[in-house]
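>>> quick one, fold the following:
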Amino acid sequence: MNNMRAFVLITTEIGAMEQVLQDLKMIDCVSETYLLYGVHDIIAIVKTNSMRQLKETISWKIRQIDHILTSETLIAMDVL
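Numbering: from 1, shown residues only. Below is the predicted model of the structure:
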């Protein structure tokens, strides 16, 4: 069960959106990706089983992708 969810807003180098999108799709915990219009270029939805796995996925997999300039992570909370 994937009980941790985060939305990662990504800004890429000019012309690199498609390549970054393809690289994101290769990461197991990335469940969805979308190209955006606006300040950010891509949003990736990450689902994991723990906060540790979420941290590792974002820090050691997503942020290591070539051509990513910045990222901002929004961790979702369950609504009670």
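
>>> can you list the low-confidence ranges for this protein?
Along the chain, segments meeting pLDDT under 70 span 1-2, 79-80.

>>> quick one, helices of it?
Taking DSSP state H as the criterion, the chain carries its helices at 17-25, 51-56.

>>> just those: most buried one?
Relative to the other members of the helices of the chain, helix 17-25 carries the highest mean neighbour count by mean count of other Cβ atoms under 10 Å, namely a mean of 16. Using the backbone N, CA and C atoms, a C-beta is placed for each residue, glycine as well.

>>> neighbouring contacts of it?
Applying Cβ atoms under 8 Å, 6 or more residues apart in numbering, the set of residues contacting helix 17-25 from outside is 10, 12, 30, 33, 35, 41-42, 44, 62, 65-68.

>>> let's have the helices of the chain in TSV, adding distance to residue 75.
As requested, these are exported to TSV (distance: least, Cβ to Cβ, whole Å):
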stretch	distance to residue 75
helix 17-25	18
helix 51-56	7
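
>>> of all these, which lies closest to residue 77?
Comparing the helices of the chain against residue 77 with Cβ to Cβ, the closest turns out to be helix 51-56 (12.1 Å).
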